[in-house]
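Visitor: sequence below, structure please.
(2 chains)
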Amino acid sequence: MDVTRRNFLIGSGALSLPLLLAGCGFVPRQSPPSSSGTKTLTFTTWGTDAELESFARAITAFEGESAGVKIELNTVPFGQIFTNVDAQLQAGNPPDIFRVPYYTFGSYAGRDQLLDLSPHLESGFADRFTDAAWAAVQADKKPYGVPHHTDTSVILYNKTALDSAGITSVPTKLDDAWTWEELSQVAQTLRAAQPEGTYPMAYNWQGNGVTRWLSLLFQADGRFLDEGLKIPTLDSQAGSAAVDFSASFFAKNFVPPNNTIKSSTFASDAWYAQTTAMVWSGAFAIPDATKTLDFEWGATFAPRNIRGGGDFGGNALVATAGTANPELAAAFLDFVTNEAQMRDFCQSASLLPTRRDLTESGTAFAVRPELAPIFLGQASTVRPEDSSQVASAGMSKIITVLQDNLESVFAGATSTEDTLKAMAEGIARAIGGSA
Amino acid sequence: MTTGMAVRSAESDLLRDPVRGGSQHRKGRRERVREGVAGWLFLTPNLVLLGLFVIVPLVWAVFISFQETDGFGAGLFVGTANYQRLVSDPLFWRSAVNTLLFTAIVTPLSMAIGLGAAVLFNSVLPARGVFRSILILPMAISGVATALIGVLVFDENNGILDNILRFVGLPAVNWQSGGFAAFASIVLVTLWWRVGFNMLIYLAGLQGIGPQLYEAAKLDGAGIWGRFRNVTVPLLGPSSFFLLILNVIYSFQVFDIVYVMTGGGPQNATSVLVTYAYDTGFVTRDQGYAAAIGVVLLLVTFVFTAVQWRTNRNRDLVE
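Guide: Alright, predicted model coming up:
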C-alpha cells in the first residue's frame, strides 16, 4: 500500500487516540492483579520534597518486605488533588490509597467512598495513636483511615521586633502560655512601638485554614457540633468569646487589614516580609522559614483561655472502598504508621506524629529541633472531642459557613450575635440538622 | 468568478460529448462522494473531541442541575428546586451583578484601549514592533501566572503599587481589604492581560483597510477624527463584532484572575458566577446547585450572543 499523506495522518491519528484517551483518564487507575502475580497499589498524594522523599523511602521498605508487591506513587499538586480524586471516584477508577486532610476526610468517609479498615486491622491497632488522632479518622465509630501525622498552630515571633518593643521573654512552658488577655497586652505593646504599616501579628486562617480559627473556640472550651455531631452548638458563650476575641484583632489593628479569611496574602508572607512581628503557624513552615528568613526568630505556645487548645491539622491516609486489594492496602497503611516510618516522616518534614509513643518520647525535627517541644506541647492540648468535630461528615460545607461569616464579622459588617446565629443556621443546613 | 467560468466551460464540454459526458458525470459523483467522505473523516476527530469535552459535559451539567448531589453515587432528582433556590440566594445575585459589572467595564475598556493602541501602532511610529510585542506579551502568560503577578503588584502590605504610592507620599490603597479597590484591581489586571489581544485583532483589521479610502476621505475634507469615525470604525465592524462576543464570553467566564487574586473577597465584593459555582461544586460539594449556576451562565451568554448576532449590522461589513 502506498503511504500517502492521508494514510499517514489517518494511521497516526488511530495510533495516538488511545494514548490521548489514556492521558485524559479514560483508563483504569486502580491496578488489578497482574498476570505475573505482582500486586500493585496506586497511591495518590501531594507533598513537599521532604514528604515525598519520605514516602518514597517507606514504599521502598514496604516493597522490600512484601514480595510481589508494587506501590505506584502518583504525585499531584495540592490545588488539583481533590478534583482529580473526586472525578476518579465518580468515574469508578480511583486510586487505591490517597492522602486527605482531616477536615476533608469526613466528606469521603460519610459518603461510603472509603474502605472500612476494621476487618483488616489487628486488635489493639488503635492503641498506637493518640486519642485525638484516632478520633479524627472515625465515621460511625469505624476507622476509615489512619492518622498519618498532625500539625497545629503556635506563635512564631521575630525576636528583634519583640525586643524593640521591650518584650524580652515569651512563655517556654505550656502551662505558662499567654492567656488571651496577656496576648492582647503583648499585641498592644507591639502596636504602640511599631511604625505605621507594620502590625503585631498575622493569623493563618486563610482559605481552608479557617479551621485554625477553631483553636480559639476550643480555647474558650467551646464546640461547634454537639457530641453526636448532629446539632450545631456554636451559638454559645464560648462561641461569642471566640468571635469577639478574633474580631478584636482587626478592631485594634493587631493584624493587617488584609489578614482576612479570603485574602490571597498568606499570614506567613506578611511575617516573612516583616510586616508583622508574630504569626500563627504550623510546624510545616519551619524548613522554609529557616532557609528564607534572615532575622532571628523563635516560637511560643498559642494562648489559652478557659483551657489550652489548638486546631487539629495534618493528614490521614485512606484506602478507597472499591480497592481490589483491601488487605494489602490496609497492610500498607499499617506499615507507614509504624514507629520507624512515622519518625522518619515527621522528622524530615517537620510535622507532628500521631503515635502515642512518639508523642510521649518526643521527636526532633531535622531543622530547628529545639522547636519540636513547643509544637508537641501545643498538640497535646487537642482533645479527641475537638478533632472528631473537624473530621465530621459535613465539615466541607461547614468550612464555607465559617469563611463567609467570619469574613463578615471581621470587616465589622455584622455583629457577633448575628454572626453566631448565621453560623449556627448555616452549620445546621450543612449537616442537615437543626440549629 | 474564475470558478464560475470553469464550471460553465465544463458544462459545455459535457453537452458536446454525451458519451464522455456520462462517464465524467459518474466520475464526478464518485469524486464528490469521496470528497464528502474525506471531509467527514477530517471533521471526525474534531467532532469526537467536541462531543466528548463540550456537548456531553454540557448535557450532563443540565441533567445534574435538576438533582441534589454531592457527586458520589446517584443524585436525588429535585426538579427545578436548584433554580428556585437561585432566585432567593443573595450570594448568587451578588455574584451575578459583579459578573455583569465586570463585563460592562472590561469589555468596552479593553476594546477601546486595544483600538487606540492598534491605531497608534499601525501608524509610522519608531520601534512600533517593540511596543506591539510588549502589549501582546501578557497573552503568552497563563491566567493564573498573570493573577500571581497581580498579587505581587496589588498586595497592600508589600505590593509594588502601594510601595510606590507610599514612596511618593500618597496614601496607600486598600487593594485587598476594600471592596471597591479589590474590584478595581481585578479590572486593571484583566485589562493588562486582554488589551494585547484586542489590539492584535484590530491591527489585523486595520491592515485590511486600503489607504485610498483615507485619501478619498481626506480629499472630501475629513479631518483625523472624521476619518477615524467614518472610515476606520465602520470598516472595523467585523473585528469589533468578533471582539465584542469574545470579550463578553470571556468576562462572563472570568475565574482564574479572581480566584487567585481575591478569592471572591473581601466580603464577596469580587465574587463572580464562576468562582461561586466552583466553590459550590468543589468546596461545599453541592454539585447540583453548582450546575444550575453554570446553566444560568450558559443561557445568559447564549442569549447575549444571539441578540448581538441579530442586531449587529457591521459584522459583515467589508471594504
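Visitor: rest of the way, CA atoms for contacts and neighbours
Guide: Will do.
Visitor: what's the closest non-adjacent residue to the residue in chain B that chain A sits nearest to?
Guide: Per C-alpha to the nearest C-alpha, residue B:284 is where chain B lies closest to chain A, at 4.5 Å. Once flanking residues are discounted, residue B:284 sits nearest to residue A:397: 4.5 Å by C-alpha to C-alpha, 6 or more residues apart in numbering or on different chains.
Visitor: list the helices and strands the helix or strand hosting that neighbour packs on?
Guide: According to DSSP states H and E, residue A:397 maps onto helix A:395-410. Counting contacts by 3 or more C-alpha pairs under 8 Å, 6 or more residues apart in numbering or on different chains; DSSP states H and E, helix A:395-410 packs against helix A:102-109, helix A:237-251, helix A:416-431.
Visitor: please point out which parts of the last one sit buried.
Guide: Right, helix A:416-431. A:416-417, A:419-431 (16 or more other C-alpha atoms under 10 Å in any protein chain shown).
Visitor: quick one: it near chain B?
Guide: No. Helix A:416-431 lies out of reach of chain B by C-alpha under 8 Å from any C-alpha of the partner chain, never closer than 8.7 Å.
Visitor: which residues of the stretch 301-435 of chain A lie near chain B?
Guide: A:396, A:397, A:399, A:400, A:404, A:407, A:408, A:411.
Visitor: recalculate using a threshold of 6 Å.
Guide: Contact residues, the stretch 301-435 of chain A versus chain B (C-alpha under 6 Å from any C-alpha of the partner chain): A:396, A:397, A:408.
Visitor: hang on, the earlier thing: next one: the helix holding residue A:397 to chain centre, how far?
Guide: 17 Å (C-alpha atoms, centre = their mean, to the nearest Å).
Visitor: what's next to it, contact-wise?
Guide: With C-alpha atoms under 6 Å, 6 or more residues apart in numbering or on different chains as the test, helix A:395-410 has contacts from A:103, A:247, A:261, A:419, A:426, A:427, A:430, B:267, B:284.
Visitor: show me the contacts for the fifth one.
Guide: Just to be clear, that refers to residue A:426. Here residue A:426 is in contact with residue A:401 (C-alpha under 6 Å, 6+ apart).
Visitor: low-confidence ranges, chain A, go.
Guide: Residue ranges of chain A with pLDDT under 70: A:1-36, A:433-435.
Visitor: tell me the SS of the residue of the stretch 151-300 of chain A found nearest chain B?
Guide: Relative to chain B, the nearest point of the stretch 151-300 of chain A is residue A:258 (5.0 Å; C-alpha to the nearest C-alpha). Put simply, residue A:258 is coil when judged by DSSP: H, G, I helix; E, B strand; the rest coil.
Visitor: quick check: it touching residue B:177?
Guide: Yes. Assessed by C-alpha atoms under 6 Å, residue A:258 is found in contact with residue B:177 at 5.0 Å.
Visitor: before we move on, the earlier item: widest-spaced pair of the contacts of helix A:395-410?
Guide: Of all pairs drawn from the contacts of helix A:395-410, the widest gap by C-alpha to C-alpha lies between A:247 and B:284 and measures 24.8 Å.
Visitor: rewinding a little: can you redo the contacts of helix A:395-410 as JSON lines with distance to residue A:149?
Guide: Converted to JSON lines, these look like this (distance: C-alpha to C-alpha, whole Å):
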{"residue": "A:103", "distance to residue A:149": "13"}
{"residue": "A:247", "distance to residue A:149": "31"}
{"residue": "A:261", "distance to residue A:149": "25"}
{"residue": "A:419", "distance to residue A:149": "33"}
{"residue": "A:426", "distance to residue A:149": "30"}
{"residue": "A:427", "distance to residue A:149": "27"}
{"residue": "A:430", "distance to residue A:149": "27"}
{"residue": "B:267", "distance to residue A:149": "34"}
{"residue": "B:284", "distance to residue A:149": "25"}
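Visitor: so which of these is the closest to residue B:92?
Guide: Nearest to residue B:92 among the contacts of helix A:395-410: residue B:267, at 13.4 Å, using C-alpha to C-alpha.
Visitor: count the residues that sit near that closest one.
Guide: Neighbourhood size, residue B:267 [other C-alpha atoms under 10 Å in any protein chain shown]: 24.
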